[in-house]
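**Q** Structure for the following, please:
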Amino acid sequence: MLGTARDKLSIMHSDNNRSKGAGMKKLKKEEKTKNLKSAIHNSQCGFSLVELMIAIMITVLVMAGVYTTFVVQQRSFIAQDQVTETQGSSKIAFDMIITDIRNAGYGYPDDEAPQINGFTGAITLNDAAGPNSSDIITLVGGFRDIATIGLPVGETNVEVGQTDASGSPYLDICYTGTANFNDTDKKYISIDGVTYAEITSIESNSSANCADTERLILDRSVDKAFPVDRPVYLIEDVTYQLSGTDLQRVSSAGSTHTIASNIEDLQFEEIDQNADGNTDRIRVSLLARTAREDPTLEPSTKPYYATGIDLEGNITPDTDRSRRRIWSMEVALKN
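**A** Numbers count the residues shown, from 1 in each chain. Alright, predicted model coming up:
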């Protein structure tokens, strides 16, 4: 009987344990279901207002940093691009002036000193005659060879003192480009840079063996036996001047070309290095500026700008934000 009671008690205890275990499992399952429903509910509710404001603030700060960096880089790029363009274009124009000054007087007879389209001498300088008291310079010389000496087949040299049937001195030429001589503003020539002459008229009965020929009737006889194909130069006048802020090159034929823009000043100075009363050198100074001001540049930090650039008494402003480039050189005259 005692054993039977114990067995019943053990069975009841076991049933109670199984019942408690099942209850715990049910409780845990209900708790997981509750947590899952709570998570789903929270996800459907979205961010709180505080979270949203923090996210917006972070986004604004990041975007502001990116925009500021972009603006700074963009301004720097534009400023450097303008400086590069200004330096490149002004240097090309400056080199053109230097080259023409070095060639001034080539083929021009100083002893005869003829008048070329109203200009006498290799260099004519007009001080402070342009805008902003800039200078104007006119150069005379054989800057272009536009033809060569032409001869019939079998002949190798021009006959000294040759004349045509009417007794007029002449020279047959072959053109090498599109520019031609005439008997008005393009009538001054230099044969091989040695012999000067003026054209009195032009005829078409050239005997030269080339496609584009002319016979130039001259005011004097050819004085040397020049070989065929030697160059024939046009003696012309070339003027450099400012028109507003455009640097212009004006030739004797009346053609005007703007070779650089945004030029503030152009100055020339004659230098007598040997103190013999003759000009030995020409100092050339050209001041260029950028097309637009640089907003990142403070006037007090500009190069060369403690009190402004001074070119022969012309002082440029030091209060703007334009970047500038000055070119200056002394050129020795060889003619």
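**Q** residues in contact with D164?
**A** 170, 215, 217 (CB atoms under 8 Å, 6 or more residues apart in numbering). In short, each C-beta sits where N, CA and C put it, glycine included.
**Q** ok, it to N209 distance?
**A** As judged by CB to CB, to the nearest Å, D164 and N209 stand 18 Å apart.
**Q** which SS class is the residue nearest the centre of the chain?
**A** Among the residues of the chain, the smallest C-alpha distance to the mean C-alpha position (CA atoms, centre = their mean) belongs to S89, namely 2.6 Å. Here S89 is helix, with the state taken from DSSP: H, G, I helix; E, B strand; the rest coil.
**Q** try the one 3 residues further on
**A** Following three-state DSSP, we place I92 in the helix state.
**Q** residues near it, how many?
**A** The local packing count at I92 equals 11, with neighbours defined by other CB atoms under 10 Å.
**Q** now it: how far from L247?
**A** The spacing between I92 and L247, counted by CB to CB, is 10 Å.
**Q** For the protein, give me the ranges with low pLDDT.
**A** 1-47, 70-79, 253-254, 299-310, 316-318, 335 (pLDDT under 70).
**Q** at 50 instead, please
**A** Within the chain, the ranges that satisfy pLDDT under 50 run 2, 9, 304-307.
**Q** Which element, helix or strand, includes the residue lying closest to Q87 once chain neighbours are set aside?
**A** For Q87, ignoring the flanking residues on the chain, the nearest one in space by CB to CB, 6 or more residues apart in numbering is R325 at 5.3 Å. Element membership for R325, per DSSP states H and E: strand 324-332.
**Q** Surely Y233 is in a helix?
**A** No. Y233 is assigned strand when assessed by three-state DSSP, not a helix.
**Q** That one: what's it in contact with?
**A** By CB under 8 Å, 6+ apart, the contact set of Y233 is 106-107, 142-146, 189-191, 193.
**Q** again with D192
**A** Contact partners of D192, counting by CB under 8 Å, 6+ apart, are 149, 226, 230-232.
**Q** Going along the chain, name the helices of the protein.
**A** Using DSSP state H, the helices of the chain run over residues 2-45, 49-103.
**Q** If you count contacts, what does the last one end up packed against?
**A** It refers to helix 49-103. Based on contacts counted as 3 or more CB pairs under 8 Å, 6 or more residues apart in numbering; DSSP states H and E, the elements that helix 49-103 packs against are strand 136-149, strand 231-243, strand 256-260, strand 281-289, strand 324-332.
**Q** Off-centre distance for that helix?
**A** The chain centroid and the centroid of helix 49-103 are separated by 18 Å under CA atoms, centre = their mean, to the nearest Å.
**Q** ok so, going back, for L287, see how far away the nearest residue to the residue nearest to the centre of the chain once chain neighbours are set aside is.
**A** Counting by CB to CB, 6+ apart, S89 lies nearest to A260, which is 5.0 Å off, once chain neighbours are set aside. Using CB to CB, one obtains 11 Å as the distance from A260 to L287.
**Q** What's opposite the residue nearest to R220 when sequence neighbours are not counted in the beta bridge?
**A** Leaving out its chain neighbours, the residue that sits closest to R220 by CB to CB, 6+ apart is A197, at 5.4 Å. Residues found in beta-bridge contact with A197 (criterion: DSSP bridges) are I189.
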